[in-house]
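# What shape does this take:
(2 chains)
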There are 2 protein chains.
Amino acid sequence: ISHITWDAAAAEKGGYEHFMIKEIHEQPKAIRDTMTSRIALGEDVKLDNIEITKEDLEKINKVYIVACGTAYYAGVVGKYVIEKMAKISVETDVASEFRYRDPLIDENTLMIVVSQSGETADTLAALRLAKKSGARVMVITNVVGSTMAREADDVFYTWAGPEIAVASTKAYVTQMVALDILALHLARLKGTITKEEGEEFKKELLALPEKVEDALKHKEVIQKFASKNYHVKDMFFLGRGVDHAVALEGALKLKELSYIHAEAYAGGELKHGPIALIEDGTPVVVVATQEKIFDKMVSNIKEVTTRGAKVLAFATEGHEEIEKSVNSALYVQKTHPLLTPVVSIVPLQLFSYYMALEKGCDVDKPRNLAKSVTVE
Amino acid sequence: ISHITWDAAAAEKGGYEHFMIKEIHEQPKAIRDTMTSRIALGEDVKLDNIEITKEDLEKINKVYIVACGTAYYAGVVGKYVIEKMAKISVETDVASEFRYRDPLIDENTLMIVVSQSGETADTLAALRLAKKSGARVMVITNVVGSTMAREADDVFYTWAGPEIAVASTKAYVTQMVALDILALHLARLKGTITKEEGEEFKKELLALPEKVEDALKHKEVIQKFASKNYHVKDMFFLGRGVDHAVALEGALKLKELSYIHAEAYAGGELKHGPIALIEDGTPVVVVATQEKIFDKMVSNIKEVTTRGAKVLAFATEGHEEIEKSVNSALYVQKTHPLLTPVVSIVPLQLFSYYMALEKGCDVDKPRNLAKSVTVE
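Sure, this is the predicted structure:
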């Protein structure tokens, strides 16, 4: 077992203007630390505090991922990864909903709760409810010895280090990486992916810190789009599949930091209502990293630009043709389709940061918000 | 088998200013027609075109409800009702997401698609994908002989009659009633509720048309709140449990009709981000019909009013104490906790209608929207 301790000194801004931008830049290291000692090429996944066995797993017919806020959006990504890799049905739910809706849980349920602090009130209540109902409970948390870490059956520590800014960035990406590693572990235990597929996935995981590092470099496009649009009151974020999950988190960041009413939608739902709100000059952020549905996102872009929307698009390298349809575009490096959220969220975090700076908002301590919500 | 035919003459406005307000007022009849010949006290549920047997049901371990837009929000309610009554795990998904995410489906899956027209492109594609993967497919649709009705294994016709206004109202409530009747049917087949519980639920179902009739009467509070707030650009809708589902549909109606950026949130998620957007004068609609979590909603109301929000609350009769915390309140009659959405959506529909009228919007044909989305 490795322990990481921290203190106020270690948490200083270290040359950065705000904790948030410092923490955004610490993401390559946070991801690397979260993978270290757990995954290595040619070796099985090693998870110290997770003792679930092949036999335990055989009886699991349902996984819940339960969390609040940003951690919930990490869970939305986790559903895709675990279902695709380990072929178990996953339901991601908001903790405050889960705890009061009398969910179907029994001893064949695996409950994964996600909480940076390990103390979030609703998430803790959901954990206790699941335990009482006989489920096996796993926690993904950033704080050693937190209440959830003590009460769960299995613990996955994200080694993000102390996160001071109220809006979560590095804790969020490590929560996604934790779910990715967990999915790989469950899939290998169940035999739903081959050893070779596992090695390929690990290779992609291990390359993430570098790709995140690269994503941090392309700030100009984002700063420029922010400087032209920071005055707006409303924005929309679109994506499909895991890109929709990224859009949800990107919109939340903008809400938290710059008080702009940003809302995320699955691209295909546009025509079923929200397109009525697109008018001349409405900024729309589009996340389009998935090869399989890239053309569908281009159709969505056309639907909104026809109505006058100004589009900032995030795509993967090699899709520069998107520039023909949008106002600004930014590219991230290719990775495994299930891992793109870890890379594509980075420019979205930067976008919310620069929007808040332009507006003169208190980046590290947004109004009305607390770092950990430890009361209901 | 009963067939309902309609023609242009039958679809006239009949004294109402718009199709939408006419269709809102047709809801008691639409609900009654949808129940007629299917449920009666002392008798088993009779569903003509649904042939699923007790034996078929025994192997079903997962239900998907898949739809778009408003029909999707009917499905969000359906998840609560089917899980609670029939104790089967239900996942509600947006059709455009479902069809491209390679979902886990097999011959043990029951797929329920919901579509007013029976022709919605993404929903039809999801239906075909599920059939190809061996699932049993059931459709809830308003159009006899529609493509989905022809291709599904089981068909549940909502007898809402022709819906002309682009924004769905009476089709939506009958979709919920269809899911309620279906949940009752599945629960009785599986034996997860007793005959007495079934009778009690049926009694509450049969009383819905009268309660909806009553909900149509209380317009003054809504009109007054609308006349004071129609100029706003942004609004929030809050609820928990099935009230969250109602909040989602209420916000969509307002988006569609009056182009106000209305967004729904689960009450417990407020503190995890969106509360940063509440400022002096922000209108917030709160749906609080659930006894069990009424106090939690009152806490949420206090959180937003402290930041200056103006609250319009919808509660059940007997909860007049809510007036101490809000600006305006309106009460609907009590019913079974799972059936409240059918009643509580009505004042929300009226609210979006009066907001659009005040703004001078084209109620029956909102900009950018089509009645049926038959292309992807």
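# Show me where chain A dips below the pLDDT cut-off.
Counting by pLDDT under 70, chain A shows low-confidence ranges at A:1-11.
# excluding its backbone neighbours, what's nearest the residue nearest the centre of chain A?
Residue closest to the mean C-alpha point of chain A, counted by CA atoms, centre = their mean, is residue A:74 at 3.6 Å. Among residues not flanking residue A:74 along the chain, residue A:175 sits closest, at 3.8 Å (CB to CB, 6 or more residues apart in numbering or on different chains). For glycine as for every other residue, the C-beta is placed from the backbone atoms N, C-alpha and C.
# residues contacting that neighbour?
Contact partners of residue A:175, counting by CB atoms under 8 Å, 6 or more residues apart in numbering or on different chains, are A:71, A:74-75, A:114, A:116, A:140, A:158.
# one step back: the residue nearest to the centre of chain A sits in which helix or strand?
Here residue A:74 sits within helix A:69-86, counting by DSSP states H and E.
# Return the distance of that helix from the chain's centre.
Offset of helix A:69-86 from its chain centre (CA atoms, centre = their mean, to the nearest Å): 8 Å.
# tell me which strands and helices the helix or strand just after it is in contact with?
Reading on from helix A:69-86 to the C-terminus, the next helix or strand found by DSSP H and E is strand A:90-94. Applying 3 or more CB pairs under 8 Å, 6 or more residues apart in numbering or on different chains; DSSP states H and E, one finds that strand A:90-94 contacts strand A:62-67, helix A:69-86.
# any chance of those in a markdown table, with distance to residue A:99 too?
Formatted as a markdown table, the helices and strands packed on strand A:90-94 follow (distance: least, CB to CB, whole Å):
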| stretch | distance to residue A:99 |
| --- | --- |
| strand A:62-67 | 8 |
| helix A:69-86 | 13 |
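# and of those, who's closest to residue A:263?
helix A:69-86 (13.6 Å; CB to CB).
# now the closest one against strand B:90-94, angle please.
On the basis of axes from the mean of the first three to the mean of the last three CA atoms, to 10 degrees, helix A:69-86 is oriented at 100 degrees to strand B:90-94.
# what packs against helix A:69-86?
Using 3+ CB pairs under 8 Å, 6+ apart, the elements in contact with helix A:69-86 are strand A:62-67, strand A:90-94, strand A:109-115, helix A:170-190, helix A:242-258.
# Indicate which one of those is closest to residue B:216.
Comparison of the helices and strands packed on helix A:69-86 against residue B:216 by CB to CB identifies strand A:90-94 as nearest, at 32.3 Å.
# who's in contact with that closest one?
The contact list for strand A:90-94, computed with CB under 8 Å, 6+ apart, reads A:62-68, A:72, A:75-76, A:78-79, A:82-83, A:103, A:122, B:89, B:91, B:266, B:268-269.
# right, and the helix or strand after it?
helix A:95-98.
# Residues in contact with that following helix: which ones?
A:64, A:66-68, A:72, A:113, A:120, A:122-123, A:125-126, A:129, A:376, B:240-241, B:244, B:266-269, B:296.
# check contacts around residue A:102.
Residue A:102 neighbours (CB under 8 Å, 6+ apart): residue B:84.
# now swap in the one 4 residues further on and tell me
With contact set as CB under 8 Å, 6+ apart, residue A:106 has these partners: A:133-135.
# about what we covered before: my guess is the residue nearest to the centre of chain A meets residue A:168, correct?
No: Residue A:74 lies out of contact with residue A:168 (CB atoms under 8 Å); the separation is 9.1 Å.
# residues in the stretch 251-376 of chain A within reach of chain B, list them.
The stretch 251-376 of chain A has residues A:252, A:255-256, A:259, A:261, A:263, A:266-269, A:271-279, A:292-293, A:296, A:299, A:307, A:366-370, A:373, A:376 near chain B, with proximity defined as CB under 8 Å from any CB of the partner chain.
# Now restrict those to buried residues only.
Buried by 16 or more other CB atoms under 10 Å in any protein chain shown: A:252, A:255-256, A:259, A:261, A:263, A:266-269, A:271-278, A:293, A:296, A:307, A:366, A:368-369, A:373, out of these.
# Am I right that residue A:314 falls within a helix?
No: assigned with DSSP: H, G, I helix; E, B strand; the rest coil, residue A:314 falls outside any helix and is strand.
# For it, name its beta-bridge partners.
Counting by DSSP bridges, residue A:314 is bridged to residue A:287, residue A:330.
# From residue A:40, how far off is residue A:162?
Distance of residue A:162 to residue A:40, computed by CB to CB, to the nearest Å: 26 Å.
# Neighbour count for the two, which is higher?
residue A:162 (18 against 13; other CB atoms under 10 Å in any protein chain shown).
# how close does that one get to chain B?
20 Å (CB to the nearest CB, to the nearest Å).
# How about residue A:206?
The value you get for residue A:206 to chain B, if CB to the nearest CB is used, is 25 Å.
# how many neighbours does that residue have?
Neighbour tally, residue A:206, other CB under 10 Å: 15.
# Going along the chain, name the helices of the stretch 251-376 of chain A.
For the stretch 251-376 of chain A, applying DSSP state H, counting those that start in this stretch gives helices covering A:294-306, A:340-359.
# Give the other helices and strands that the shortest one contacts.
Helices and strands touching helix A:294-306, by 3+ CB pairs under 8 Å, 6+ apart, are strand A:234-239, strand A:283-288, strand A:310-316.
# could you dump it to CSV, C-alpha only?
Output of helix A:294-306 as CSV, limited to C-alpha atoms (Å, rounded to 0.1, in the frame of the first residue of the first chain):
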residue,chain,number,x,y,z
PHE,A,294,-18.3,11.9,-36.7
ASP,A,295,-20.6,12.5,-39.6
LYS,A,296,-23.6,12.6,-37.3
MET,A,297,-21.9,15.4,-35.4
VAL,A,298,-21.1,17.3,-38.6
SER,A,299,-24.9,17.1,-39.4
ASN,A,300,-25.6,18.5,-36.0
ILE,A,301,-23.1,21.3,-36.6
LYS,A,302,-24.9,22.2,-39.8
GLU,A,303,-28.3,22.2,-38.1
VAL,A,304,-27.1,24.8,-35.6
THR,A,305,-24.9,27.0,-37.9
THR,A,306,-27.9,27.2,-40.3
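# Which positions within it qualify as buried?
For helix A:294-306, by 16+ other CB under 10 Å, it's A:294, A:296-298, A:300-301, A:303-305.
# do the same with stretch A:321-338
Those would be A:322, A:325-338, for stretch A:321-338 by 16+ other CB under 10 Å.
# Repeat that for stretch A:214-233.
Neighbour counts over stretch A:214-233 (16+ other CB under 10 Å) mark A:214-216, A:218-219, A:221-223, A:225-226, A:229-230, A:232 as buried.
# and the residue in the stretch 1-150 of chain A positioned nearest to chain B, how many neighbours?
Residue of the stretch 1-150 of chain A nearest chain B, by CB to the nearest CB: residue A:96 (2.1 Å). By the criterion of other CB under 10 Å, residue A:96 has 31 neighbours.
# What's the separation between it and residue B:238?
For residue A:96 relative to residue B:238 (CB to CB), the value is 11 Å.
# cool, residue A:174 as well?
Counting by CB to CB, the gap from residue A:174 to residue B:238 is 31 Å.
# before we move on, what about residue A:245?
With distances taken as CB to CB, residue A:245 is found 23 Å from residue B:238.
# quick one, which of these two is more surrounded?
residue B:238 (30 against 26).
# Run through the bridge partners of the more buried one.
residue B:265, residue B:286.
# for it, what are its contacts?
Taking CB under 8 Å, 6+ apart, one finds B:244, B:247, B:264-267, B:270, B:284-287, B:297, B:300, B:304 in contact with residue B:238.
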